[in-house]
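**Student:** Take this sequence and fold it.
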Amino acid sequence: MREHDLEEALRGTGMPVARNAFLEETALPYVVYRPHGSRDLMADDGNHAPVRTWAVELYTDGPSAGGGQAEAERGVEQALRGAGGAWAKDETWIAEEGTTLTSYTTTTIGD
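**Tutor:** Model prediction:
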């Protein structure tokens, strides 16, 4: 999966999507993706292909809000799968905001 494939796939979920952060308040559910490190393919004293790790963060109002979280997760996972990506997944409840953060870590190769 390439970087532009990741962005295009996430936008295909139909949810609001931003790189790094939204500039204004956005209704749930929404997706924020951000770079989370890089380890380029290197040889012969040069970098030949960018290999980037990304955090894809899905914010929802949680599992008790009528099933919206599960549907949103399926949308993100189908998007990642369709773009050819593999991922690790973690979930955190953010009590002070009343939201659930489902975080996916995935990797892109190339721009």
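**Student:** what about the residue nearest the centre of the chain, helix or strand, and which?
**Tutor:** Nearest to the mean C-alpha position of the chain, counting by Cα atoms, centre = their mean, stands V56 at 1.9 Å. Element membership of V56, judged by DSSP states H and E, is strand 51-60.
**Student:** which residues touch G68?
**Tutor:** Listed by Cβ atoms under 8 Å, 6 or more residues apart in numbering, the contact partners of G68 are 28-29, 60-61. Using the backbone N, CA and C atoms, a C-beta is placed for each residue, glycine as well.
**Student:** residue contacts, V76?
**Tutor:** 10, 13, 31, 56, 58, 102, 104.
**Student:** Which positions within the worst-scoring helix or strand of the chain on mean pLDDT qualify as buried?
**Tutor:** Within the chain, no helix or strand scores below strand 41-43, which has a mean of 74 by mean pLDDT, DSSP states H and E. Judged by neighbour count (16 or more other Cβ atoms under 10 Å), strand 41-43 contains no buried residues.
**Student:** Who are the packing partners of it?
**Tutor:** If you count contacts as 3 or more Cβ pairs under 8 Å, 6 or more residues apart in numbering; DSSP states H and E, strand 41-43 packs onto strand 46-49.
**Student:** contacts for the strand it packs on?
**Tutor:** 40-42, 109-110.
**Student:** could you point out which element follows the helix ranked longest in the chain?
**Tutor:** In the chain, with assignment by DSSP state H, the single longest helix is helix 68-82. The first helix or strand that comes after helix 68-82 along the chain, using DSSP H and E, is strand 87-94.
**Student:** So what are the sheet partners of that next one and their directions?
**Tutor:** Next to strand 87-94 in the sheet, as set by DSSP bridges, lie strand 99-109 (antiparallel).
**Student:** between the partner strand and strand 51-60, what angle do the directions make?
**Tutor:** With axes from the mean of the first three to the mean of the last three Cα atoms, to 10 degrees defining the directions, strand 99-109 sits at 160 degrees from strand 51-60.
**Student:** All set now, cheers.
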